[in-house]
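> Give me the fold of what follows.
(3 chains)
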Amino acid sequence: MRTYYFPLAGEGVPVYVPASRDDLVAFFEWFKHAAQRGPIALDTETTGLDIFSPGYRLRTVQFGQADQAWVIQFERGGSFERYVNTALWWGSTRFLIHNAPFDWLVLDRHADAPLEHMATRTTDTKILATLIDPRQPMEGGIGTGLKPLSAHYLDPSAPDTQADLHKVFRSYGYTKATGWARIPLEDETYLTYAGGDVILTARIAKLLTAELDALGVRKELVEYEHEISRICATMQRTGIVLDRDYVSELDTRLRADEERYTAIARRYGVTSVNASAQVAEALLGMGVELREKTKTGAYKVDKAVLTYLADMSLQGERLDVRTPNPLAEAVYHAKRAGKWRSAYVDTFLETVDADGRIHPMINTLQARTGRMSITRPALQTLPSSDWVIRRAMLADPGEVCVSVDFAAVELRVLAALADVRRMKEAISAGRDLHSYTAELIWGPDFTPKHRKIGKGASFGKVYGGGAETISRQTGAPISEVKTALTAYDRAYPEIKRAARRWEREARHNGMVTVTVTGRRLPLDPERAYAVTNYQVQSAARDVLGQALITMDESGLLPYLRLPIHDEVVASVPKADAEELTREIERCMRMNLGGVPIDAEGEIGGRSWGSLYGADF
DNA sequence: CCTCTCACG
DNA sequence: ACGTACGTGAGAGGT
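Prediction:
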């Protein structure tokens, strides 16, 4: 047995690395007794983040408590592997994991412990930390990584295990990307830090739990987040079928587009279409007048500017109001093709597994408001104006894609949270909310333009925007928007009252606003107006979270593929599509403070793109 | 590492 | 008293 010492708070905490059968027996003796005393912190070291790629390896599994850690070299196989699996299944052991979905999926795929088994016995310290303060250090928060949490709660000089390991990688001639797979399994720093991470997890868990108690965060909220985490990790494990033939064809097409338009831009002296300064200079040289500047004073040459000069709408349609500028046109097309290829198509090909499925990482508590994000690839942000990218994602064989959306969920949530009487009446009566708003402001003879301003005013309320922005967004004159906003506040006085109340309560609570589900959202003092948006966005996220739980309870989880803020995407057997879609809708519909939250599904064909106009 | 740009809800 | 658009992920270019 080798013993190393992890430096923490002025002491060396022992890290044991079993080398023989007897050592493993000693490990298991410790494990059984420790599991009786309390939860066991767990962590894994692997070859990387691409859990589903061929050749992926689980290298070590670490177990520990506050006073010691055990690093089991799983990669050595045989009894090392068997002892890990036995420990994972031992009795009713509780585990503490920092960022559990990753380790769940690793153990599910590469050890003998399914996600369903581990999830019910795990407390995720990252969830606990996020419920205390969701902000990253750059935003003025503690941070939710193991390193910043350890520095804050345990020891400001606790080793930065990741950063130090990167140095070790370099000493072997490896990089951040290759080091995790290639570092020798016997490296002392590697093993010591592997053990260190579970010691840190065990120690912060106690402090985080105490802090949650002190802050009065409800147990139900903590449990609810763990359920959502398990549900989304299950979706990640399931993955989505990629149409690889289509993607390679699309890749070729986008490359050709990019090259053709890049060549045109080069004729005007632009060697790199993404270098905005170069594009601006070339346009100015052609006699084009550029009026907009960026924050730092550079000429702005974004999509809005380029499409205007190219005589196109923002959606890319021909306007026929001016002579198109050929350079602007070429730069627009070249950038679009390049972006679509690098951000979407290339990531699809990089992340697809051997079975042709993509397993996007779903971060269930990413945004400050609790909103989720999806990465590798960023499937929440695929272009929706055109079907070509979404066409690459398929339902399973014999199944079709279904999308079920909440109807105007943020506005309904606002009506519920602020108890907006007229809005609630209109929603219950099944009225179109924006038309109703226009009627309240302008009377029964309101025009479509009035509806647009009314809609803009509602968004302004939800986002915290003012007359200027609404005027810019809707194209309506500022005076008209100002008048409309005054009338809006008269029609829905409860919104302003709620905003003032939320702001006042936040100030009394150390600039933290507490949502209807008990979530604590720190406010930036200089942006206190954002409180309405935080309340609404966060409650809407919890409406989605509740829907996910209800769907899981109804046995629908195997069909779910993605949560996208106010929408879920599913893959359902063709024969049962109608019935399952209605079932998803039923699970998503709910009542929030007397306001019905409605959901409506759409059944497509085999590809996700079929819901956006593709014919397959 | 920062800024800009662009994709989404 | 007034006005503030909210939340993300990702690539390219340049320092």
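
> Now do the same contact list for the residue of chain A found nearest DNA strand C.
Across chain A, no residue is closer to DNA strand C than A:Gly466, which sits at 1.3 Å (Cβ to the nearest atom of the strand). The way it works is simple: take the backbone N, C-alpha and C, and place the C-beta from them, glycine included. Going by Cβ atoms under 8 Å, 6 or more residues apart in numbering, A:Gly466 touches A:Gly460.

> what's the pLDDT at it?
Here the pLDDT value assigned to A:Gly466 is 87.

> what's the spacing between it and A:Thr483?
For A:Gly466, the distance to A:Thr483 (Cβ to Cβ, to the nearest Å) stands at 14 Å.

> for A:Gln65, same thing?
For A:Gln65, the distance to A:Thr483 - Cβ to Cβ - is 65 Å.

> who has more neighbours, those two?
The residue with more neighbours, out of A:Gln65 and A:Thr483, is A:Gln65; 22 against 15, by other Cβ atoms under 10 Å.

> so that one touches A:Gln36, yeah?
No. Between A:Gln65 and A:Gln36 there is no contact, the gap being 11.3 Å when judged by Cβ atoms under 8 Å.

> for the stretch 151-300 of chain A, what spans make up the strands?
Ranges of strands within the stretch 151-300 of chain A are A:240-242, based on DSSP state E, counting those that start in this stretch.

> which parts of it sit against DNA strand B?
Contact residues, the stretch 151-300 of chain A versus DNA strand B (Cβ under 7 Å from any atom of the strand): A:276, A:294-296, A:298, A:300.

> May I see the residues you listed organised as a markdown table, with pLDDT and distance to A:Tyr83 added?
Below are those laid out as a markdown table (pLDDT from 0 to 100; distance: Cβ to Cβ, whole Å):
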| residue | pLDDT | distance to A:Tyr83 |
| --- | --- | --- |
| A:Ser276 | 88 | 57 |
| A:Thr294 | 81 | 58 |
| A:Lys295 | 76 | 57 |
| A:Thr296 | 76 | 58 |
| A:Ala298 | 83 | 60 |
| A:Lys300 | 87 | 61 |
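
> so which of those is the most crowded?
Neighbour counts for these, by other Cβ under 10 Å, peak at A:Ser276, which reaches 18 neighbours.

> From the structure, what's the count of residues near the closest residue to it other than its chain neighbours?
Leaving aside its sequence neighbours, A:Ser276 sits nearest to A:Val301 (Cβ to Cβ, 6 or more residues apart in numbering; 4.7 Å). Per other Cβ under 10 Å, the neighbour tally for A:Val301 reads 27.

> what's A:Val301 in contact with, if anything?
Shown in contact with A:Val301 (Cβ under 8 Å, 6+ apart): A:276, A:279-280, A:283, A:290, A:331.

> filter these to the buried ones?
For the contacts of A:Val301, a burial check counting by 16 or more other Cβ atoms under 10 Å picks out A:276, A:279-280, A:283, A:331.

> show me the contacts for the nearest residue to A:Arg2 once chain neighbours are set aside.
Spatial nearest neighbour of A:Arg2, chain neighbours left out: A:Val17 (4.5 Å); criterion: Cβ to Cβ, 6+ apart. Counting by Cβ under 8 Å, 6+ apart, A:Val17 touches A:1-4, A:70-71, A:73, A:191, A:195.

> now do A:Gly316
Counted by Cβ under 8 Å, 6+ apart, A:Gly316 has contacts A:307, A:385.

> Mind pulling up the pLDDT for A:Arg371?
For A:Arg371, the predicted pLDDT is 94.

> Just give the number of residues close to the closest residue to it other than its chain neighbours.
Excluding the flanking residues, the one nearest A:Arg371 by Cβ to Cβ, 6+ apart is A:Arg541, at 4.9 Å. A:Arg541 has 26 neighbours, counted by other Cβ under 10 Å.

> and A:Arg541, what helix or strand is that in?
helix A:531-553 (DSSP states H and E).

> so after that helix, what's the next helix or strand?
Using DSSP H and E, the helix or strand that follows helix A:531-553 in sequence is strand A:560-563.

> What strands line up against that next one, and which way round?
With DSSP bridges as the test, strand A:560-563 is paired with strand A:567-573 (antiparallel).

> the inter-axis angle of whatever helix or strand comes next after the strand it pairs with versus strand A:567-573?
Using DSSP H and E, the helix or strand that directly follows strand A:567-573 along the chain is helix A:577-588. Inter-element angle recorded for helix A:577-588 and strand A:567-573: 150 degrees (by axes from the mean of the first three to the mean of the last three Cα atoms, to 10 degrees).

> what comes into contact with helix A:577-588?
By Cβ under 8 Å, 6+ apart, helix A:577-588 touches A:400, A:402, A:404, A:406, A:547, A:550-551, A:554, A:556, A:559, A:568, A:570, A:572-573, A:597, A:599-603.

> tell me, which of the residues you listed make contact with DNA strand C?
Counting by Cβ under 7 Å from any atom of the strand, nothing from the contacts of helix A:577-588 sits close to DNA strand C.

> With only the CA atoms kept, save stretch A:328-336 in CSV.
Extracted in CSV, the C-alpha atoms of stretch A:328-336 (Å, rounded to 0.1, in the frame of the first residue of the first chain):
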residue,chain,number,x,y,z
ALA,A,328,-21.5,43.0,-47.8
GLU,A,329,-23.4,40.2,-49.5
ALA,A,330,-20.3,38.0,-49.8
VAL,A,331,-19.2,38.6,-46.2
TYR,A,332,-22.7,37.8,-44.9
HIS,A,333,-22.9,34.5,-46.8
ALA,A,334,-19.3,33.5,-46.0
LYS,A,335,-19.6,34.2,-42.3
ARG,A,336,-22.9,32.3,-42.1
